[in-house]
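[1] Starting from these lines, generate the structure:
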Amino acid sequence: MGEVLSQSEIDNLLAALSTGELDVEQMNGEEEKQVKNYDFSRPTKFSKEHLRTLEFIFEHYSRLVSTNLPVYLRKNVQVEVASSETVTFSEFSNALFNPAILGIVNFAPLNGVVIIDLATNLGYAMLDRMLGGSGAPLEKSRDFSEIELMIIQKVMVMLTQHLREPWRNVIELSPVLSRIETNPQFAQVIAPNDMIAIVTLNMKIGDVEGLINVCLPFFTLEDVMDKLNTKFWFSTMQENRDENYEEYIESMIRKVDVPIKAVLGKSRISVAEFLNLQLGDCIRLDSKVDNDMDVYVGNIRKFTALPGANGDSYAVRITSVVREEE
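    Below you'll find the model as predicted:
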């Protein structure tokens, strides 16, 4: 309900109309509608919903890479989604430096390819780490040798293979790394005016930080654009959780190796006593001969046991289970 004017406000309004201070046409005039210019050379083919769904997909992808890449590098790796945007392929290719690390990925069964752009400082850091170094990047960029490209190719194959799992809720992919290009001029696999979505990942390897740009052309994703929305994505995730999902997770957890240690006892000695230890010396522990040993699963005290032997191996016999409340 509109605001009700008082009698004095009505009198002042009529007086302003009679003196010409207010124009009736101005009062009745409608506000002009805001018109947004449309650039036909840059058609809007990726909506905000599409980009949001792509970010969800690559957040899953980032977690997979963060978990699996340290197996190759033997160093902590952190990956997270930084941004997503839509540009033309010419704008993307013009921003690339030479040399670059561009993985051309066949996105089968979809028609077309995607491009994984790995920052060169990350590439140099990976090479240094995999060849026995500390993982430091080069101070000055240079071309890659054939041997270095073969090593990088193994990493790019791993990055390509991990695209399957995040995209499973949209389509069953079989991505294959076609080739690696270091010169952007030889990676013109997409028409310059074609629209692409770029998902940028921020990767940190130790103290080295760089970006991974995943270039996703519209014509490659055109057949699954209707599925690139959060409603479909989350509903598919729920459908994929069949009745045996919990049993499957439990069976996988049961296969995980955990360290178990049986502690005979503890003692504290000085550094001087430690340095003077000789063969045959006795170290007095804080436990008695007839006491049960503590058995730890990981760092958690879980059992008590008695020491013994099983054939030619040392063994312990469980005597009790330590409950959580204990």
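[2] Strands of the stretch 51-200 of the chain, residue ranges please.
    Along the stretch 51-200 of the chain, counting by DSSP state E, counting those that start in this stretch, strands occupy 77-88, 101-106, 113-118, 176-181, 195-205.
[3] For Tyr296, find the nearest of the ones you listed.
    Tyr296 lies closest, by CB to CB, to one member of those: strand 77-88, at 29.6 Å. C-beta coordinates here come from the backbone N, C-alpha and C atoms, glycine included.
[4] coming back round to it: make a markdown table out of the strands of the stretch 51-200 of the chain and add distance to Arg284 and mean neighbour count.
    Converted to a markdown table, these look like this (distance: least, CB to CB, whole Å; neighbours: other CB atoms under 10 Å):
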| stretch | distance to Arg284 | mean neighbour count |
| --- | --- | --- |
| strand 77-88 | 46 | 17 |
| strand 101-106 | 61 | 23 |
| strand 113-118 | 58 | 23 |
| strand 176-181 | 62 | 16 |
| strand 195-205 | 48 | 21 |
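[5] Quick one: closest of those strands to Ile147.
    Nearest to Ile147 among the strands of the stretch 51-200 of the chain is strand 176-181; the distance by CB to CB comes to 13.3 Å.
[6] okay, the angle between the closest one and strand 101-106?
    For strand 176-181 against strand 101-106, the angle by axes from the mean of the first three to the mean of the last three CA atoms, to 10 degrees is 150 degrees.
[7] just to revisit the earlier point, now the strands of the stretch 51-200 of the chain in TSV, with distance to Pro70 and mean pLDDT?
    Output for those, formatted as TSV (distance: least, CB to CB, whole Å; pLDDT from 0 to 100):
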stretch	distance to Pro70	mean pLDDT
strand 77-88	5	89
strand 101-106	19	91
strand 113-118	16	91
strand 176-181	21	90
strand 195-205	9	90
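[8] In CSV: these, plus distance to Ile151.
    What follows is the strands of the stretch 51-200 of the chain, written out as CSV (distance: least, CB to CB, whole Å):
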stretch, distance to Ile151
strand 77-88, 16
strand 101-106, 11
strand 113-118, 13
strand 176-181, 11
strand 195-205, 15
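[9] among those, which is nearest Arg63?
    Shortest distance between Arg63 and these, using CB to CB, is found for strand 77-88: 7.7 Å.
[10] That closest one: how far from the chain's middle?
    10 Å (CA atoms, centre = their mean, to the nearest Å).
[11] what do you get for stretch 211-218?
    Distance of stretch 211-218 from the chain centroid (CA atoms, centre = their mean) equals 14 Å.
[12] What separation is there between Lys288 and Gly308?
    Look at Lys288 and Gly308: by CB to CB, to the nearest Å, they are 17 Å apart.
[13] Thr67 now?
    For Thr67, the distance to Gly308 equals 40 Å [CB to CB].
[14] Tell me which of those two has more neighbours.
    The neighbour comparison of Thr67 against Gly308 (other CB atoms under 10 Å) goes to Thr67, with 12 against 9.
[15] can you pull the pLDDT of Tyr124?
    Listed pLDDT for Tyr124 reads 90.
[16] Could you number the chain from 32 rather than 1 from now on?
    Yep, numbering from 32; the last one is Tyr155 now.
[17] mind checking how far it is from Leu232?
    According to CB to CB, Tyr155 stands 18 Å off from Leu232.
[18] any residues touching stretch 338-352, and which ones?
    Ala293, Leu295, Asp323, Met324, Val326, Lys333, Phe334, Thr335, Ala336, Leu337 (CB atoms under 8 Å, 6 or more residues apart in numbering).
[19] try stretch 123-137
    With CB under 8 Å, 6+ apart as the test, stretch 123-137 has contacts from 144-151, 154, 172-175, 183, 187, 190-191, 194, 206-216, 218-220, 223, 227, 229, 244, 246.
[20] Who are the contact partners of the residue most central in space within the chain?
    For the chain, the residue nearest the mean C-alpha position is Ser93 (1.2 Å; CA atoms, centre = their mean). With contact set as CB under 8 Å, 6+ apart, Ser93 has these partners: Val110, Glu111, Val112, Leu232.
[21] now, which of the contacts of stretch 338-352 lie within strands?
    Cross-referencing those against strands under DSSP state E gives Ala293, Met324, Val326, Lys333, Phe334, Thr335, Ala336, Leu337.
[22] which one is the fifth one nearest to, not counting chain neighbours?
    Nearest in space to Phe334, with sequence neighbours left out and distances taken as CB to CB, 6 or more residues apart in numbering, is Val326 at 3.9 Å.
[23] mind checking how far the one you found is from Pro338?
    Val326 is 11 Å from Pro338, by CB to CB.
[24] quick revisit: may I see the contacts of stretch 338-352 arranged in a markdown table, with distance to Asp42 and pLDDT as well?
    Below are those laid out as a markdown table (distance: CB to CB, whole Å; pLDDT from 0 to 100):
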| residue | distance to Asp42 | pLDDT |
| --- | --- | --- |
| Ala293 | 97 | 88 |
| Leu295 | 101 | 86 |
| Asp323 | 98 | 87 |
| Met324 | 98 | 87 |
| Val326 | 94 | 89 |
| Lys333 | 88 | 88 |
| Phe334 | 92 | 90 |
| Thr335 | 95 | 89 |
| Ala336 | 98 | 89 |
| Leu337 | 103 | 88 |
